[in-house]
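Engineer: Following is a predicted model, sequence given first.
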Amino acid sequence: MNDDISKRAAEIAAEETKKLIDATPESGALYERAMRSLPLGVASSFQAGDPYPIYIDHGAGSQVWDVDGQQRIDYHNGFGCMVVGHAHPKVVEAIERAARSGTHFAATTEVTVAFAEELCRRFGLEQVRFANSGTEATMDAIRVARAATGRDDIVKIEGSYHGHHDTVMFSVVPNADSVGGLEHAPTLPMSRGIPADVARHTRVVPFNDAPAVDAMLAEHADTTACLILEPVMMNIGLVEPDPGYLDALREVCTRRGVVLIFDEVKSGATVAAGGATERYGVQPDLSCFAKAICGGTPGAAFGGRADLMDVIAHGAAQQGTFNGNPLIAAAGLAALTEVMTPDAYVHLNRLGTRLAQGIQNAIDAYDIPAYTVDLGGKGAISFSRTKLRNYRDFLGTDHALYDASYPWAVNRGIFMTPGNEEQWTISVQHTDADIDRYVDVFSELCQTLSP
């Protein structure tokens with residue numbers, strides 16, 4: 001790392017954080033109020049901020065307004081849920097229509113069936129089941145894999161997040177410091193309240209290391225039900241799979257009788273119409289979806305091979321009162337069929353390239369130790385001179401540069417994800433002017449950081 005630029009970044013972070021606090025007194029007041037009824041003052045720990053989060057009042061198109069009345073271009077987009085943008089007329093119409101005809105029955109409706117059909121078509125699935133969050137989707141997919149194989153263990157990727165159910169809460173970036181440090185991540189649960197012996201059913205391998213998976217399964221195939229991974233690793237910025245990596249995983253899982261599960265909660269419907277499965281041309285046995293597939297409403301799904309999904313009809317529990325809720329299904333169906341059209345992906349890809357290239361030009365001009373990744377609707381800045389391939393590489397990134405970039409951007413009208421491990425998400429309602437504003441803001445930061 002460059003000590004001079006890191007030192008300057010720390011100074012900028014302190015200056016800009018003070019400005020942000022001065023500019024958001026209503027968020028500060030709401031935080032004090034929220035702390036009395038909500039742990040950390042937020043509905044989910046991922047929403048917490050230092051010294052407090054920005055509380056949002058409303059959004060429209062590519063913009064959000066906070067409770068202080070300040071308007072910002074949204075590149076957070078609900079951790080990637082809002083690729084349709086805020087209050088898209090097609091989604092609003094679908095929700096209003098569903099609300100007028102009944103928001104819940106705990107019985108399957110025709111719109112739920114139509115939504116399932118669209119998911120199968122788009123992602124190459126034979127059958128699908130619904131859930132209410134990405135956590136539920138990965139939990140259910142793992143249960144199906146265990147039931148189908150009669151095996152108990154899973155293999156996951158070091159540093160990856162797959163939701164907050166017990167089996168996958170090992171070797172996860174968030175909360176590492178609270179459980180004794182990163183060196184203990186593969187064996188200690190990443191949250192209090194999880195029995196330590198759950199770890200005996202979870203094994204960990206690095207991303208982009210097919211030989212490590214091959215070796216692991218050569219030793220443990222008879223007890224391993226599944227390998228679960230994000231085909232594009234998104235808990236450390238954005239790390240693409242090496243050429244041939246996903247193909248190698250597909251081959252070894254098939255050879256060993258291990259179920260290959262793609263967690264496409266973040267990549268599904270954002271990096272391509274058919275998600276990472278389409279983009280990289282490898283079909284898993286099961287896939288998990290949430291976020292972008294439901295048009296900003298809280299839904300999820302998982303599915304894949306019919307012979308695997310058949311275990312649900314033969315003793316593998318998969319249920320939920322709100323699964324396939326008609327309001328969620330209506331919003332998701334409208335989002336996927338009326339908003340996220342082929343033309344929408346042309347638009348997203350063009351804007352994504354414009355943004356990533358514009359930021360990269362600034363990085364190069366001012367010799368900032370960073371680079372950009374462009375995957376259409378998703379993208380990221382990694383503060384490293386060398387390309388990241390896995391979680392261990394991510395540990396070497398310069399967090400001080402991110403810490404400066406977040407308040408700098410928010411103070412200049414860009415709403416960002418709160419964490420160096422996250423990514424930006426562009427919506428179909430973003431414009432060239434929105435992109436150019438982000439590039440200008442980041443370019444000004446690079447100039448200020450440069451000696």
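Structural biologist: Nice, thanks for sending it over. Residues are numbered from 1 along each chain as shown.
Engineer: what about Gly358, helix or strand, and which?
Structural biologist: Secondary structure here is read from DSSP states H and E; on that basis Gly358 sits in helix 342-365.
Engineer: How about residues contacting that helix?
Structural biologist: 83, 272-273, 368, 370-379, 381, 424, 426, 428, 430, 432, 435-436, 438-439, 442-443, 446-447 (C-beta atoms under 8 Å, 6 or more residues apart in numbering). In short, each C-beta sits where N, CA and C put it, glycine included.
Engineer: Helix 342-365 and the next helix or strand after it, what's the angle between them?
Structural biologist: Later in the chain than helix 342-365, the nearest helix or strand by DSSP H and E is strand 371-375. Taking axes from the mean of the first three to the mean of the last three C-alpha atoms, to 10 degrees, one finds that strand 371-375 is oriented at 170 degrees with respect to helix 342-365.
Engineer: Strand 371-375: what's the following helix or strand?
Structural biologist: Note on strand 371-375: by DSSP H and E, the next helix or strand toward the C-terminus is strand 378-382.
Engineer: packing partners for that next one?
Structural biologist: Packing contacts for strand 378-382, counted by 3 or more C-beta pairs under 8 Å, 6 or more residues apart in numbering; DSSP states H and E, involve helix 342-365, strand 371-375, strand 424-425.
Engineer: Please save the CA atoms from it in CSV.
Structural biologist: As requested, the backbone C-alpha atoms of strand 378-382 are provided in CSV (Å, rounded to 0.1, in the frame of the first residue of the first chain):
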residue,chain,number,x,y,z
LYS,A,378,-23.4,-4.5,-11.4
GLY,A,379,-19.9,-3.0,-11.0
ALA,A,380,-17.3,-2.2,-8.4
ILE,A,381,-14.1,-0.4,-7.5
SER,A,382,-11.5,-2.6,-5.9
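Engineer: strands paired with it, and their directions?
Structural biologist: Paired strands of strand 378-382, with direction, are strand 371-375 (antiparallel), strand 424-425 (antiparallel) (DSSP bridges).
Engineer: Identify the residues contacting Ala212.
Structural biologist: Here Ala212 is in contact with 205-206 (criterion: C-beta under 8 Å, 6+ apart).
Engineer: Just say helix, strand or coil for it.
Structural biologist: helix (DSSP: H, G, I helix; E, B strand; the rest coil).
Engineer: separation between it and Glu219?
Structural biologist: Computed as C-beta to C-beta, to the nearest Å, the Ala212 to Glu219 distance reads 11 Å.
Engineer: and if you look at Val428?
Structural biologist: Separation of Val428 from Glu219 (C-beta to C-beta): 46 Å.
Engineer: Could you find the closest non-adjacent residue to the most centrally placed residue in the chain?
Structural biologist: Centroid-nearest residue in the chain: Lys266, 3.7 Å away (criterion: C-alpha atoms, centre = their mean). Leaving aside its sequence neighbours, Lys266 sits nearest to Met234 (C-beta to C-beta, 6 or more residues apart in numbering; 4.7 Å).
Engineer: Pull up the gap between that neighbour and Ala370, please.
Structural biologist: Applying C-beta to C-beta, the value for Met234 to Ala370 is 17 Å.
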